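J.: Predicted model, plus sequence, below.
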Amino acid sequence: MRLFVRRIVRFIRMPTGRGLLLEAAFWLGLARLAVLLLPFRRLAPYLGTYRHETTAANLDLSEAAKAMAVTRAVQRAARNLPWECQCLVQAVAGKAMLRRRSMPTTLYLGVAKDENARLCAHAWLRCGDVIVTGREGADRFSVVSTFGDCPDEG
């Protein structure tokens, strides 16, 4: 219980970007619940269009700044929240935050074998040419599924 209270206090005391951090915490909590409680087939429609990818074109400076601000907020909130925020939860939260900002994204699901030949999975989120969440190690995973925003999804 002390650890929980300590993390909440540390989160509240964070000085900059508190609004964005609170938004990230909200979406991380909602994403965590969705991943835990919903079968993937129910969650998938909210992730975007199956087997669709958005363009990987360079973002302009303001779009890149927004994407990087979301990256920092999601990473920072995920480190300080009292529940576990693995890659899929972070990707879903980042997607929701960027969708609110009308920025199209693609969520990737990949698999790879670890050093013990066990199968492991990873999720990451791309907006334009910026990997928003799950950047670390994404290049060693083989993409098995993509969920991209169509132009009419906003």
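T.: In hand now; what should we look at?
J.: Run through the bridge partners of residue 106.
T.: Judged by DSSP bridges, the bridge partners of residue 106 are residue 126, residue 148.
J.: in the chain, what secondary structure element scores lowest on mean pLDDT?
T.: helix 2-12 (a mean of 67; mean pLDDT, DSSP states H and E).
J.: Centroid-nearest residue for the chain?
T.: Geometric centre of the chain, nearest residue: residue 91, 1.9 Å, by Cα atoms, centre = their mean.
J.: And the strands in this structure?
T.: Assigned by DSSP state E, the chain shows strands spanning 49-50, 106-113, 119-127, 130-133, 142-148.
J.: Can you say which of those strands is packed in most?
T.: Ranked by mean neighbour count under mean count of other Cβ atoms under 10 Å, the strands of the chain are led by strand 130-133, which reaches a mean of 23. (Each C-beta comes from the backbone N, C-alpha and C, glycine too.)
J.: what comes into contact with that strand?
T.: Strand 130-133 is contacted from outside by 59, 64, 67-68, 70-71, 74-75, 87, 90-91, 93-94, 98, 105, 123-126, 138, using Cβ atoms under 8 Å, 6 or more residues apart in numbering.
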